[in-house]
Structures are given as C-alpha cells and as structure tokens.
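A.B. asks: Fold the following.
(one chain, ligands or ions: 1)
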Amino acid sequence: MMTRSDIKAALAAGHAAAMAVDGGQNADYIPFLASVPSDLLGIAVVTASGETHTMGDAGYGFAIESISKVFTLALVLERIGAEAVREKIGADPTGLPFNSVMALELHNGKPLSPLVNAGAIASASLAPGDSADASWDAILDMQSRFAGRPIQLSATVNKSEQETNFHNRAIAWLLYSAGSCFCDPVKAVDVYTRQCSTLVTAEDLAVMGATLAAGGVNPRTGEQVIKPEHTAPILAEMMMEGLYTASGDWAYTVGLPAKSGVGGGIMAVVPGVMGIAAFSPPLDTAGNSVRGQAAVAAVAKSLGYNLFTNPLQA
Ligand code: GLN
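C.D. replies: Next up is the predicted model:
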C-alpha cells in the first residue's frame, strides 16, 4: 500500500536526483524560452483519487509547448475516433527529431505520430471549428478540462512563437501537399502555435496526467473529460514518441508513458494510479528536460512503478 509518506519520500528522491544532474540548455530557438530562469525546479504528484504532493517551483507557470500535443490528440480522438487518428496520422515512432522534415519525406508525407510537430499540426487541422478561433477555443477548453482549471494563453509566449515559427509553417505546407493537413495549413499552424503557448505549472501537469491515469476522469473536478477507451491510445502514443528520439531509452529505463515539452515540462502517467510531473528548463539534445527526466524517473523508481515489471512479483 502506497502511503502519503511514501509519496513524500519519492518527491524528495526526485528532487535529489534532479539536483545531482547538471547540463543542458534552455531552448533558444523560441526567444521567450531562453529568458526563463534555468535553475527553477518543480515536481508534483497527483493521484487518481486527487491526492496532491508538490515540491520546489511546482506552482511556476511555464510554456506547455509539446505537452499540448497530448490534449489536442485527445480532442481529435473524441471527434473522429481512434481508428481514424491512426489511419490519418499514425502510431509509430519516427526515430528522428521532433521537427524533422526528413521523417515526413521518408513516409510519403504521413507524420506517423501525433506527438511530433508534423503530426501535431495534422491533429490541430482535425480539431473541431471552422475558424482558427473556434478550433483554438476547443483546444484551450480541452487543456482546461484536463487541468481542472482555466488554462490561459500567454500573449508573450505566443508572440515569440508566432514570430519565429517558420520551420513549422513549412511543415504545415508539406503536410498539405501530401494530403495530411485537413484544413488550411495557415490555420493549422496558427492554432498549433497557440496551443504550445499556454502556461501550466508542474502541479497542472500532474493533474492532467492523473486524469489520463484515471481513465479520463479529472480527479479534482470529477468530470469525465474524454471517453475511457481513448486513454489507452494516448498512452501508447506517449510511450512510442513522448520523449522523441529518447523515447526508447525512457521506456527501457523508466517504463512509463510520458510527454516532454521544450518549455522544460515533463508529464508521466502510471495508469490507474497517478500523474507525475516535473519542470526544469535546461534541455538535452533531444529536447527533453535534463532535471525533469531525472526527477520523474526517481519518483517512479522510489514508488516502484514501471509498466514492464511483473506486478505479481513487486
Ligand atoms: N512550439 C514548439 C515547436 O513547435 C514545441 C516543440 C516541443 O516542445 N518539442 O517547435
């Protein structure tokens, strides 16, 4: 039986593990991200029944970035169903960086995963709403329902991203030319860029992860946010591509579905049990938070959670 003091000890272990690693750099290709203090460190655990534990800067609001891809995927699963998502976007790792054009070229313009930029722009193109503002409202509403509080766009982050997202605009047009962007590509990349520019805290991410852990029920609000059958495909996509080119290493060493963002956030899910999240801006070369990964891995290890261990022997 996991007790409150087990979770407290796990957070302390997570903090110690994070502080024991150094290195990495804030993302700087989005100017705003380069300006965030590098020494921030927040860790949070929220259980499927809503018990919350936090440590350090778990209340600091940072840019959600690629973690937003999970919630737009959730929205699109609700709209068109799991089979259509797999057919239109895919469910395989690309083995290439998150913004790879090569990955698209190698697969006839099919993104393979909704958790790389191309697949996330394709997802945004499948969000409900005829105008960019209508699609945006649906995406923001989904992020908010997962977090259990109104999530907001940061105008500063959004401006910084919109002024520098040339590579993503090119990806949107390549998708469109291959038949894999399902609305005006200018609209799709605008909405995608906005979805990356909301502010969340490590505690928010743990609630969002706990909602996935609890079969789509937000443990704080009690709302069934998505259909229970849509959590498994989301977690599978996270396991395949959630940490980009490091996803295999992560599965091998930690064994939990997780998703990172270049803002420094990382959210992991123990199905049926809890969300574990961390925030620390410096990233490794794959684009994952150096200390965030160490923290989440140590929390999971301390509590004995790895999906690939035999629960009968634990
Ligand atoms: N907004 C960022 C981008 O599109 C998100 C990337 C990420 O977090 N990996 O490049």
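A.B. asks: if I read this right, V270 contacts A277, doesn't it?
C.D. replies: No - counting by CB atoms under 8 Å, V270 sits too far from A277 to count as a contact (11.8 Å). Where C-beta positions appear, they are placed from N, C-alpha and C, glycine not excepted.
A.B. asks: Those two - which one has more neighbours?
C.D. replies: Between V270 and A277, counted using other CB atoms under 10 Å, A277 has the larger neighbour count: 35 against 25.
A.B. asks: how close does the more buried one sit to the ligand?
C.D. replies: Taking CB to the nearest ligand atom, to the nearest Å as the measure, A277 falls 15 Å from the ligand.
A.B. asks: thought that residue was touching I266?
C.D. replies: Yes - A277 is within contact range of I266, at 6.6 Å (criterion: CB under 8 Å).
A.B. asks: what residues are up against M274?
C.D. replies: V45, V46, T47, A48, A206, G209, A210, A213 (CB atoms under 8 Å, 6 or more residues apart in numbering).
A.B. asks: From those, pick the one nearest D249.
C.D. replies: Comparing those against D249 with CB to CB picks out G209 as the nearest, at 20.0 Å.
A.B. asks: Around the ligand, pick out the residues from this protein.
C.D. replies: By CB under 6 Å from any ligand atom, the residues of the chain that approach the ligand are E65, S66, F98, N99, N117, E161, N168, C196, G261, V262, G287.
A.B. asks: Swap in 8 Å and give it another go.
C.D. replies: Neighbours of the ligand within the chain, by CB under 8 Å from any ligand atom: 27, 29-30, 63, 65-67, 98-99, 117, 120, 161, 165, 167-168, 192-193, 196-197, 244, 260-263, 287.
A.B. asks: and stretch 14-32, how far out from the chain's middle?
C.D. replies: Between the centre of stretch 14-32 and the centre of its chain there are 17 Å (CA atoms, centre = their mean, to the nearest Å).
A.B. asks: Apologies, that question was intended for stretch 30-43.
C.D. replies: The mean C-alpha position of stretch 30-43 is separated from the chain mean by 17 Å, CA atoms, centre = their mean.
A.B. asks: Ok, stretch 231-241 next?
C.D. replies: 11 Å.
A.B. asks: again, but for stretch 3-18
C.D. replies: Per CA atoms, centre = their mean, the centroid offset for stretch 3-18 relative to its chain is 22 Å.
A.B. asks: Buried residues in it, which are they?
C.D. replies: Across stretch 3-18, burial judged by 16 or more other CB atoms under 10 Å covers I7, A10, L11, A13, G14, H15, A17, A18.
A.B. asks: Identify the contacts common to A277 and I266.
C.D. replies: L205, V296.
A.B. asks: In contact with the residue nearest the centre of the chain, which residues?
C.D. replies: In the chain, the residue lying closest to the centroid (CA atoms, centre = their mean) is I67, at 2.2 Å. Listed by CB under 8 Å, 6+ apart, the contact partners of I67 are V200, L205, M208, K259, S260, G261, G263, G265, I266, M267.
A.B. asks: What distance do you get for the closest residue to it other than its chain neighbours to Y244?
C.D. replies: Among residues not flanking I67 along the chain, G261 sits closest, at 4.3 Å (CB to CB, 6 or more residues apart in numbering). G261 sits 11 Å away from Y244, going by CB to CB, to the nearest Å.
A.B. asks: Settle it for me: which of the two has more neighbours?
C.D. replies: The neighbour comparison of G261 against Y244 (other CB under 10 Å) goes to G261, with 29 against 24.
A.B. asks: thought the more buried one was touching A63?
C.D. replies: Yes - the pair G261 and A63 qualifies as a contact (CB under 8 Å) at a distance of 7.2 Å.
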